[in-house]
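Enquirer: Can you look at this prediction? I've put the sequence above it.
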Amino acid sequence: MSDYSQLDKYVEPDLEKQTLIKELHPPLMLKIKEFQMMDVKLNYEQAQDDFCLEAPAVKSIKICPKCNKRFDAIENFCPDCLVTLKYPHEVDDIKCIEINSNIEFRGSGESSNILTEENIELICNFDFTIDDFNDIVHSIKAQGFKNLDNAIKDNSIDLDSLDILDKVLLFAKSFVTVEYKSYGEDLGYFQFNRICVDDRQRKSLQITTLIHELSHFLLKEFLVHTVCKILDVSKNKHVESVIIYILSNSSFNCLIDEYAAHSVEGRFTIFGYQDYSSFTAIQKDLDPEHVDIAKTIGNTFAIYIKNLLEGFLDWDLRDEIKTQFLKDTIESPNYGQLKYENCNKLSDEGFIKAIWLILSEGFQNCNIEVVKRYMEEF
């Protein structure tokens, strides 16, 4: 493994995360404890008042399925489109809606084999800056939000009428395919551009599972687009297969990926219910020194992912997630998991060096036969 210790000089405090933990920890602990001592069935409405999370009353409306204009419920037809209006609940189930979730990168080349000596040399030379990375994040975000907007229009969706799970599901499906499973002990997983969620679990856990697995997808996309930018090729399954190999066939890279996903998930989970279980299972295979820098790299990726997600999951929707947690949760909060929180991040220069180390080492050690098998899975 490359010497990642050289990144130590680029480590700096993640002040935003430190402030968030200091400000939220004492009052929220008390609020959760008070809430769990209540009889939920009898006192939930009062608990909502305590948290200031009560949803505003929604006016009864109908929607034109063609132009998406809203009308009072007493109306029956759209005068412009001459079609029958629909109530929001008549819109198709979000789980069943198919969304074009393509996230593309257009280069001048269409190479089907990127593991050439010339390309490996380009990756190792790494002509890539933090401005290039920020452009990539912006492009991925813009494409996802365009897909979301088109899905809302094409399916006449009244976003305000959806519950929080459906809102998060709709957002996730704007970036990646979402499927469901009803067996096995995993809450969910991400594999080959598909998120799979177990819908037997509570709504709040489905929400955090979607956020966690979407984070895996976005980190993978960041690296795919980085490679496409350096090699000037369009995104294709060969590039994606190489990145999946790099992320999954190294314990160090797995730890970065897993910590980033846990950190993002934890940002949208009510305080005291963070879960780092899959991270702790991987870290046992690494030296503590490597674990610390992997957490710092993962936290830096997480900052970019969180900023992207917060374009949709604003304060109002985060309050809805909290409310859903309080409806679902019967366990006491476990603050022990917070010991895994990392409050360090890399400077811009250090982050670019970390990406260079991940990709250059990964390209040089890539197993072509495994990559071919991955390509067959797409």
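Expert: Yes, it's here.

Enquirer: What count of nearby residues applies to residue 282?
Expert: Here the neighbour count serves as a burial measure; for residue 282 (other Cβ atoms under 10 Å) it reads 18. Placement of C-beta: from N, CA and C, glycine included.

Enquirer: okay but it is in contact with residue 254, surely?
Expert: Yes: counting by Cβ atoms under 8 Å, residue 254 is a contact partner of residue 282 at 5.3 Å.

Enquirer: So which helix or strand of this protein has the lowest pLDDT on average?
Expert: Between all helices and strands in the chain, the lowest mean by mean pLDDT, DSSP states H and E belongs to helix 40-51, at a mean of 42.

Enquirer: What is the distance between the biggest helix by length in the chain and the centre of its chain?
Expert: Residue-count comparison of every helix in the chain, with assignments taken from DSSP state H, identifies helix 203-231 as the longest. Computed by Cα atoms, centre = their mean, to the nearest Å, the chain-centroid distance of helix 203-231 equals 5 Å.

Enquirer: which parts of stretch 310-328 are buried?
Expert: With burial defined by 16 or more other Cβ atoms under 10 Å, the residues of stretch 310-328 counted as buried are 312, 313, 317, 318, 319, 320, 321, 322, 323, 324, 325, 326.

Enquirer: Nearest residue to residue 123 in space, please, no chain neighbours.
Expert: Of all residues not flanking residue 123 in the chain, residue 363 sits nearest, at 4.8 Å (Cβ to Cβ, 6 or more residues apart in numbering).

Enquirer: how close does the residue at the greatest distance from the centre of the chain get to residue 71?
Expert: Ranked by distance from the centre of the chain (Cα atoms, centre = their mean), the top residue is residue 79, with 40.8 Å. In this structure, residue 79 and residue 71 are separated by 9 Å, where distance is defined by Cβ to Cβ, to the nearest Å.

Enquirer: cool, residue 316 as well?
Expert: If you go by Cβ to Cβ, the gap between residue 316 and residue 71 works out to 25 Å.

Enquirer: hmm, who's touching the helix or strand hosting residue 370?
Expert: Of the helices and strands defined by DSSP states H and E, residue 370 is found in helix 368-377. Among residues not part of helix 368-377, those counted as contacts by Cβ atoms under 8 Å, 6 or more residues apart in numbering are 115, 191, 192, 237, 238, 241, 242, 244, 245, 249.

Enquirer: unless I'm mixing things up, the fourth one is touching residue 378, no?
Expert: What that stands for is residue 237. Yes: using Cβ under 8 Å, residue 237 is in contact with residue 378, at 4.1 Å.

Enquirer: so how many other residues sit close to the closest residue to residue 217 other than its chain neighbours?
Expert: In space, not counting the residues next to it along the chain, residue 217 is nearest to residue 176; the distance is 4.6 Å by Cβ to Cβ, 6+ apart. Neighbours of residue 176 under the rule other Cβ under 10 Å: 23.

Enquirer: which residues does residue 176 contact?
Expert: Residue 176 touches 101, 190, 193, 194, 195, 214, 217, counting by Cβ under 8 Å, 6+ apart.

Enquirer: ditto for residue 248
Expert: The contact partners of residue 248, by Cβ under 8 Å, 6+ apart, come to residue 254.

Enquirer: Begin at 42, not 1, for the rest of this chat.
Expert: Taking 42 as the first residue, the last one we looked at is residue 289.

Enquirer: measure residue 110 to residue 125 for me?
Expert: 13 Å.

Enquirer: State the number of residues packed around the residue nearest to residue 53 when sequence neighbours are not counted.
Expert: Nearest in space to residue 53, with sequence neighbours left out and distances taken as Cβ to Cβ, 6+ apart, is residue 388 at 5.7 Å. When neighbours are counted by other Cβ under 10 Å, residue 388 registers 15.

Enquirer: From residue 156, how far off is residue 388?
Expert: 31 Å.

Enquirer: What of residue 110?
Expert: Plainly put, residue 110 is 52 Å away from residue 156 if you go by Cβ to Cβ.

Enquirer: where in the protein is pLDDT low?
Expert: In the predicted model of the chain, residues 62-100, 129-133, 223, 225-226 satisfy pLDDT under 70.

Enquirer: which residues in it form strands?
Expert: Under the criterion DSSP state E, the chain contains strands at 52-54, 102-104, 111-113, 218-222, 229-232, 235-239, 385-387.

Enquirer: buried ones in the first one?
Expert: Buried residues in strand 52-54, defined by neighbour count with 16+ other Cβ under 10 Å: residue 52.
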